[in-house]
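# Build me a model from this:
(one chain, ligands or ions: 2)
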Amino acid sequence: MTAASSSRAEAFAVQPHPQPLSADARAQALSDLQFGTQFTDHMVRMQWRQGEGWADRRVDPYGPLQMDPAAAVLHYAQEIFEGLKAYRWDDGSVWLFRPEANGERFNKSARRLALPEVELDDFLGSIEALVAADEAWVPGSEESSLYLRPFMFASEAFLGVRPAHIIDYLLIASPVGPYFQGGVKPVSIWVAQGYHRAGPGGTGDAKCGGNYAASLLPQQQAFENGCQQVLFLDARDGRYLEELGGMNVFVVRKDGTIETPRLTGTILEGITRSSVIRLLEDDNRKVVEKDITLDEIRAGVDGGDIGEVFACGTAAVVTPVGRLASPEFDLTVNGGEAGDVTMAIRKRLTDIQYGRAEDIYGWMQRIA
Ligand code: PLP
Ligand code: COI
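Ligands and ions are numbered 1, 2, ... in the order given. Just a heads-up that it's a prediction; the model follows:
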């Protein structure tokens, strides 16, 4: 455990874990990483009360929460979250990727869910404080990182339907390897029929738990059909590609043009998505954000005009798609292989994240 170095991190009072995992047990845990199954020794919390604001900033031993059964989040799902990673570079230093963007999106989600906003200094300070406490948990093996999960929920015990007056903010951390089991290889995608993730005016562009709850039944159908992820079409026409349950989607045309669904308000504005667009454009590739119909994807994959499809997000980084399926069709993309453009953009991004390439964008921030 190391002391946090910034004053915004020092605002969080540290209560060290009385029995942190031993170095041996931690090394064992870090040698077998699966996404989101293990958690570090500490967690951060703070609480907001109406009329008082945020207080009680703490780094506590990781452990179960005590919660009133009437806590509003358990009934009305007033909750949001974020996901970002801390990367260990070869020289042992630890870095975040565009954390302000996550902080800004957290507050955008907070506004949509009628939750209080968090000062960016508290958001970043909480991350710095937790990584300082649990730095030894940042793995150093290839493709690994410490996944950081800030979240906020209505903890007030009250069953009336209105924005809660007591809100808890927490941050937990999980050492992770690749999101999909089996590492970086093409995944199969199930195109949801009859189910949508989000509709106009809904919460599609907020990162709230309810969106993921709505995705689970079609996600289950994806699993039943041998697919790892579900792709949603728009709710109004049922024709346009939106995004996957937890990732944005891109297609690569044979002429080299890259397309991704434009942001309509029902799609989460991915930080990986915007970074990928920037990197591709700076590499002189044409990137078009537009409405993309499923019909044109089917025709394009079938006829060879679409050579590659990939998904991207913090957890999944950049993941090739090798198959698109639904009750009506089953298409192999790029012979089921990872495409060159996909793997090149994946490398371009991860080289910056892991400090193997110069970061001319100022995206990386050192925290340890
Ligand atoms: N879309 C959804 C629904 C997500 O859950 C995520 C993951 O955060 C993304 C897209 C990608 O966003 P980001 O690249 O900011 O992680
Ligand atoms: C992420 O990429 O951070 C996500 O939130 C996707 C998923 C794990 C929910």
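
# as a whole number, average confidence for the helix or strand hosting residue 189?
In this structure, residue 189 sits in strand 187-191 according to DSSP states H and E. Averaged over strand 187-191, pLDDT sits at 97.

# And stretch 101-119, by the same measure?
The pLDDT scores in stretch 101-119 average 98.

# Measure how far it is from the centre of its chain, please.
Put simply, stretch 101-119 sits 15 Å off its chain's centre (CA atoms, centre = their mean, to the nearest Å).

# do stretch 122-133 as well
With CA atoms, centre = their mean as the basis, the mean position of stretch 122-133 lies at 18 Å from the chain mean.

# is any part of it close to ligand 2?
No - applying CB under 6 Å from any ligand atom, one finds stretch 122-133 separated from ligand 2 by no less than 13.9 Å. Backbone N, C-alpha and C define where each C-beta goes, glycine included.

# Please save the CA atoms from that stretch in PDB.
In PDB, the C-alpha atoms belonging to stretch 122-133 read as follows (Å, rounded to 0.1, in the frame of the first residue of the first chain):
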ATOM      1  CA  ASP A 122     -13.600  13.800  -6.500                       C
ATOM      2  CA  PHE A 123     -14.000  11.300  -9.400                       C
ATOM      3  CA  LEU A 124     -10.300  11.400 -10.300                       C
ATOM      4  CA  GLY A 125      -9.200  11.700  -6.600                       C
ATOM      5  CA  SER A 126     -11.200   8.500  -5.800                       C
ATOM      6  CA  ILE A 127      -9.400   6.700  -8.500                       C
ATOM      7  CA  GLU A 128      -6.000   7.900  -7.500                       C
ATOM      8  CA  ALA A 129      -6.700   7.100  -3.800                       C
ATOM      9  CA  LEU A 130      -7.800   3.500  -4.700                       C
ATOM     10  CA  VAL A 131      -4.900   2.800  -7.100                       C
ATOM     11  CA  ALA A 132      -2.500   4.200  -4.400                       C
ATOM     12  CA  ALA A 133      -3.900   1.800  -1.800                       C
END
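
# Can you give me the separation between the spatially closest residue to residue 134 that is not a sequence neighbour and residue 285?
Sequence neighbours aside, residue 40 is the residue nearest to residue 134 in space, at 3.9 Å (criterion: CB to CB, 6 or more residues apart in numbering). Residue 40 is 38 Å from residue 285, where distance means CB to CB, to the nearest Å.

# The two: which has the busier surroundings?
The residue with more neighbours, out of residue 40 and residue 285, is residue 40; 25 against 16, by other CB atoms under 10 Å.

# Now the chain against ligand 2: closest residue?
In the chain, the residue that lies nearest ligand 2 is residue 83 (2.3 Å; CB to the nearest ligand atom).

# list the contacts for that residue?
Applying CB atoms under 8 Å, 6 or more residues apart in numbering to residue 83 gives the contacts 102, 147-149, 207, 313-315.

# before we move on, the earlier item: so the residue nearest to residue 134 touches residue 137, yeah?
Yes - under the criterion of CB atoms under 8 Å, residue 40 makes contact with residue 137 at 4.3 Å.

# Stretch 176-190: end-to-end distance?
The straight-line separation of the ends of stretch 176-190 (CA to CA, to the nearest Å) is 25 Å.

# any bit of that stretch sitting next to ligand 2?
No - applying CB under 6 Å from any ligand atom, one finds stretch 176-190 separated from ligand 2 by no less than 6.6 Å.

# Now that stretch: buried residues?
Within stretch 176-190, the residues that count as buried by 16 or more other CB atoms under 10 Å are 176-180, 184, 186-190.

# Check whether stretch 225-232 comes into contact with ligand 2.
No - counting by CB under 6 Å from any ligand atom, ligand 2 has no neighbours in stretch 225-232; the shortest distance is 10.0 Å.

# Could you shift the numbering so residue one becomes 317, and keep it that way?
Got it, first residue is 317 now, which makes that one stretch 541-548.

# buried set for that stretch?
Buried residues in stretch 541-548 (16+ other CB under 10 Å): 543-548.

# Work out the gap between it and the centre of the chain.
Per CA atoms, centre = their mean, the centroid offset for stretch 541-548 relative to its chain is 18 Å.

# do stretch 591-604 as well
Here the centre of stretch 591-604 is set off from its chain's centre by 21 Å, with CA atoms, centre = their mean.

# Just the element for residue 390, please.
Short version, using DSSP H and E: residue 390 is in helix 388-392.
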